[in-house]
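Visitor: sequence? don't have it. structure:
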């Protein structure tokens, strides 16, 4: 399967990922993989005294899962050259175990590069919980293959 080439991305077009529930195991495993053992993620008794009242998921964990959900759409199969980075990334609401997230992207910008076989596409990424509350908001840039001539 071949994903979408740079030319195929339409400014203003929206794509919606499947949904996935964040589990306690996700949070614990991410703490172990990342080494981020902040009490906000691993200490329930500590968190009972915080504004959250319970442990929260790591922001980068939520982003990583959202990225994986979007890759399940097969939009980039064999056409993605590189993820160039974020223009912005905001964590707008906390996520806890049991929350279900969905990612939505909207293409915001496209530009050619000096190399004719590739182009840059920017998109807005918004991640929502099961209550349709935005939990993350980002602008990302990708380097994509152009259609073969």
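Guide: Nice, I can see it. Note that this is a predicted model, so its numbers are computed, not measured. Numbering: from 1, shown residues only.

Visitor: quick check, pLDDT for residue 52.
Guide: Looking at residue 52, its pLDDT is 97.

Visitor: wait, what's in contact with the closest residue to it other than its chain neighbours?
Guide: Distance criterion Cβ to Cβ, 6 or more residues apart in numbering; nearest residue to residue 52, sequence neighbours excluded, is residue 94 at 5.5 Å. C-beta coordinates here come from the backbone N, C-alpha and C atoms, glycine included. Residues near residue 94 by Cβ atoms under 8 Å, 6 or more residues apart in numbering: 52, 56-57, 135.

Visitor: now do the SS call for residue 94.
Guide: coil (DSSP: H, G, I helix; E, B strand; the rest coil).

Visitor: re the thing from before, just flag the most distant two among the contacts of residue 94.
Guide: Spanning the widest gap among the contacts of residue 94 are 52 and 135, at 12.8 Å by Cβ to Cβ.

Visitor: who's more crowded, those two?
Guide: Per other Cβ atoms under 10 Å, whichever of residue 52 and residue 135 has more neighbours is residue 135, with 24 against 12.

Visitor: quick check, nearest of the contacts of residue 94 to residue 31?
Guide: Using Cβ to Cβ, residue 57 comes nearest to residue 31 of the contacts of residue 94, at 10.0 Å.

Visitor: and the closest one, how many residues sit next to it?
Guide: 24.

Visitor: how about low-confidence regions in the protein?
Guide: Filtered on pLDDT under 70, the chain yields the residue ranges 1.

Visitor: buried set for the helix ranked longest in it?
Guide: Ranked by residue count, the top helix of the chain under DSSP state H comes out as helix 59-71. For helix 59-71, a neighbour-count test (16 or more other Cβ atoms under 10 Å) marks 59, 61-63, 65-66, 69-70 as buried.

Visitor: if we can go back for a sec, okay if I get the contacts of residue 94 as CSV plus secondary structure and distance to residue 75?
Guide: Output for the contacts of residue 94, formatted as CSV (DSSP: H, G, I helix; E, B strand; the rest coil; distance: Cβ to Cβ, whole Å):
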residue, secondary structure, distance to residue 75
52, coil, 33
56, coil, 29
57, coil, 25
135, strand, 22
